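Okay, here's the prediction I keep looking at, along with the sequence it came from:
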Amino acid sequence: MNRRGIKIECEEVIMDKMNIDAETRKALLFLQADEINSHYMYQRLAKVVPNEHNSEILSRISAEEKRHYLIWKKYTQTDVHPNNFKIALYYWISKIFGLTFGIKLMELGEERAQEAYKKLSGKFDEINEVIRDEEVHEDELLEMLDEEGLRYAGSVVLGLNDALVELTGALAGLTFAFQNTRVIALAGLITGISASFSMAASEYLSQKSEGNNNQSPIKSAVYTGVAYIITVTLLVLPYLLFENFIVCLLLTILLAILIIALFNFYISVAKGYNFKKRFSEMSLISLGVATLSFVIGNLIRNVFGIDLG
């Protein structure tokens, strides 16, 4: 018998002595993989988090995840290698989109781990200790998540939502009023950029009057204005790239839906909101205004006989 055969036979003997069946072993190996991935993930994040206190928390959680891995390894007698792709993916997501989003996105994939813990409940002496540690980790992670971007999420929503509703509608109206992509793009940019300054100023005055100590009125205004301008640029872009105004309008509507979907997914993960509800609401409002503006634009074109073709 070769070495591999001897190793497998020895592992089976150990499993039999511990009364570990195949399903339990599978659950243990899954938890081992989850723990070792979390260990390296938190270890990498601890090195780049600017807040020293948060870095210490992440380092400690990383060490405890490694200890959990070794607990399960004691029973499986098997080394589980980390998933380097998964670790790198969540690391860069956390770097680019923020620690809050990265960690909470990881939590969405923890359902399988919870199911595994349920299957193992009562089978091992350490199971309650590990579950208790995981609950403490979750509380500690939630307490340390206080990123500026999320504190100003309301301002971003304001700029994004207003730009989507107003400009999607305006572009739909302008498309059928003018039917000239260059004129539509010019009118859309002028309207959008002017509106972004107006919205930023309104947000500044609103925050100033409310006296919110957690938010700077200037930063709130900047977040609102920047979100508005980025949205305007993306929605107008098809009119700068293509000649067919119908194609441009369809691409603008698709872009609007994509922006709504991506932003609401981000906010839903980071702040625990209901994605379907928020996505449906914003989509219906934006598309409803666009449809109404299309009707008005077409009506104005016919009544006044505008033709810039």
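That came in fine, so what should we check first? Residues are numbered from 1 along each chain as shown.

Packing partners of whichever strand or helix holds Met106?
Per DSSP states H and E: Met106 is located in helix 99-108. Applying 3 or more Cβ pairs under 8 Å, 6 or more residues apart in numbering; DSSP states H and E, one finds that helix 99-108 contacts helix 22-48, helix 84-97, helix 245-271. No exception for glycine: its C-beta is placed from N, CA and C like everyone else's.

mind running it again at 7 Å?
Helices and strands touching helix 99-108, by 3 or more Cβ pairs under 7 Å, 6 or more residues apart in numbering; DSSP states H and E, are helix 84-97, helix 245-271.

gap between Asn83 and His68?
Distance, Asn83 to His68, by Cβ to Cβ, to the nearest Å: 16 Å.

Show me what counts as buried in the helix holding Met106.
Within helix 99-108, the residues scored as buried using 16 or more other Cβ atoms under 10 Å are 99-106.

Could you dump those residues into TSV and include pLDDT and distance to Leu251?
Converted to TSV, those look like this (pLDDT from 0 to 100; distance: Cβ to Cβ, whole Å):
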residue	pLDDT	distance to Leu251
Leu99	77	34
Thr100	76	32
Phe101	78	28
Gly102	80	31
Ile103	78	35
Lys104	78	32
Leu105	81	29
Met106	79	34
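
right, and Ala261 touches Met282 too?
No. Under the criterion of Cβ atoms under 7 Å, Ala261 makes no contact with Met282, lying 9.2 Å away.

With neighbour numbers in mind, choose between the two.
Using other Cβ atoms under 10 Å, the more surrounded residue of Ala261 and Met282 is Met282, with 22 against 14.

could you say which helix or strand contains the more buried one?
helix 275-304.

Same question for Pro50.
Per DSSP H and E, there is no helix or strand for Pro50.

what's the burial count for it?
Neighbour count for Pro50, taken as other Cβ under 10 Å: 6.

and if you look at the one 5 residues further on?
Around Ser55 there are 16 other residues, counting by other Cβ under 10 Å.

Does Glu124 belong to a helix, a strand or coil?
Small correction: residue 124 is Phe, not Glu. Under DSSP: H, G, I helix; E, B strand; the rest coil, Phe124 falls in the coil class.

List the residues that contact the residue nearest to Asn161 when sequence neighbours are not counted.
Distance criterion Cβ to Cβ, 6 or more residues apart in numbering; nearest residue to Asn161, sequence neighbours excluded, is Met282 at 6.5 Å. For Met282, the contact set (Cβ atoms under 7 Å, 6 or more residues apart in numbering) comprises 161, 164, 260, 264.

Tell me where the stretch 101-250 of the chain has helices.
Defined through DSSP state H, counting those that start in this stretch, the helices belonging to the stretch 101-250 of the chain, from first to last, are 111-120, 127-144, 148-151, 153-178, 181-210, 217-241, 245-271.

which one of those helices lies closest to Asp34?
Asp34 lies closest to helix 111-120 among the helices of the stretch 101-250 of the chain, at 5.1 Å (Cβ to Cβ).

Lys104 against Val269, yeah?
Yes. Contact criterion Cβ under 7 Å: Lys104 and Val269 qualify, at 5.1 Å.

Per-residue pLDDT of the spatially most central residue of the chain, please?
In the chain, the centroid-proximal residue (Cα atoms, centre = their mean) is Tyr266; its distance is 2.8 Å. Predicted confidence (pLDDT) for Tyr266: 78.

What about Phe85, how many residues nearby?
Neighbours of Phe85 under the rule other Cβ under 10 Å: 8.

Who are the contact partners of it?
Applying Cβ under 7 Å, 6+ apart, no residues contact Phe85.

List just the nearest of the buried residues of helix 99-108 to Val236.
Taking these together and measuring to Val236 by Cβ to Cβ, the closest member is Phe101, at 27.6 Å.

Might one say that that closest one is in contact with Val269?
Yes. Between Phe101 and Val269 there is a contact under Cβ under 7 Å: 5.8 Å.
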